[in-house]
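Student: below are the sequence and a predicted model; questions follow.
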Amino acid sequence: MTGKKVQVGDVLVAEPFMMDPNFRRTTVLVVEHNEEGSLGYVMNRPLPGVRVDGLVKDFPEFDSEVMYGGPVQQDTLHYLHNVGDLLEGSRKVAPGVWWGGDFDKLKVLIEAELIKPENIRFFVGYAGWGPGQLEEELEYGSWVLADMDANYMFRMRPRGLWRRILQDKGGNYSVIAQMPPSAVWN
């Protein structure tokens with residue numbers, strides 16, 4: 001590990017040989033990190049054909065992709081957005097990225113078209129780590145820490161995100177980004 005400690009707003013990039021199917025080639029935005037553990041959302045795993053208005057009763061019609069947020073509590077829905085204080089109760093986790101907020105107000109803002117699909121990402125479930133667990137995984141080399149850019153969440157295609165973030169880190173990470181998903185060594 002580089003000595004940098006994980007913080008809210010960091011991106012965890014799965015090392016290329018991680019075999020855990022929940023996290024293989026994923027990028028996870030850390031939204032909570034303290035002595036009780038860590039919580040984040042997988043940013044690059046869309047759930048094909050799943051829409052938020054199909055998951056939540058009485059939700060306005062909204063053409064927004066839903067993402068696999070992680071393996072924990074997959075019966076829960078979470079959201080990250082870029083509308084900041086427009087949505088009361090939300091918490092800034094990175095420049096241009098806020099977490100949560102008043103759900104009833106969210107529906108009103110969507111109905112009024114003040115929040116559009118490009119302003120928000122919905123997640124089913126989340127990634128969670130117990131006290132010290134994430135630090136152990138970082139020490140072991142399971143994750144690479146990267147800086148968050150709001151464009152990763154709201155402007156880029158999720159499926160190419162793992163490669164893009166590694167390329168943005170530069171150096172050896174640019175080489176790692178070019179590795180095929182099923183590299184076999186002789």
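Tutor: Arrived safely.
Student: show me where this structure has helices.
Tutor: Taking DSSP state H as the criterion, the chain contains helices spanning 52-55, 103-111, 133-140, 150-154, 161-169, 172-177.
Student: comparing the ones you listed, which comes out most buried?
Tutor: With neighbours taken as mean count of other Cβ atoms under 10 Å, the helices of the chain reach their highest mean count in helix 161-169, at a mean of 19. Where C-beta positions appear, they are placed from N, C-alpha and C, glycine not excepted.
Student: how much space between residue 19 and residue 170?
Tutor: For residue 19, the distance to residue 170 equals 26 Å [Cβ to Cβ, to the nearest Å].
Student: tell me how far residue 40 lies from residue 32.
Tutor: Taken as Cβ to Cβ, the span from residue 40 to residue 32 is 8 Å.
Student: who has more neighbours, those two?
Tutor: The neighbour count for residue 40 versus residue 32, taken as other Cβ atoms under 10 Å, is higher for residue 40 (27 against 15).
Student: low pLDDT regions in this structure?
Tutor: Scanning the chain with the threshold set as pLDDT under 70 gives 1-3, 182-186.
Student: just the strands in it please.
Tutor: Using DSSP state E, the strands found in the chain span residues 10-14, 27-34, 37-42, 46-51, 65-68, 72-81, 91-94, 97-99, 120-129, 143-147.
Student: residue 164 contacts residue 156, doesn't it?
Tutor: Yes: counting by Cβ atoms under 8 Å, residue 164 touches residue 156, with 6.3 Å between them.
Student: quick one: common contacting residues for residue 40 and residue 32?
Tutor: In terms of Cβ atoms under 8 Å, 6 or more residues apart in numbering, residue 40 and residue 32 are not both contacted by any residue.
Student: for residue 11, name its beta-bridge partners.
Tutor: residue 29, residue 146 (DSSP bridges).
Student: mind listing what it touches?
Tutor: 27-30, 43, 145-148, 152, 165.
Student: and the gap between it and residue 144?
Tutor: Taken as Cβ to Cβ, the span from residue 11 to residue 144 is 9 Å.
Student: residue 46 touches residue 67, doesn't it?
Tutor: Yes: under the criterion of Cβ under 8 Å, residue 46 makes contact with residue 67 at 5.7 Å.
Student: so what sits against both of those two?
Tutor: residue 158.
Student: so these two - more neighbours on which side?
Tutor: A direct count of neighbours by other Cβ under 10 Å for residue 46 and residue 67 places residue 67 higher, at 24 against 15.
Student: fine, thanks again, bye for now.
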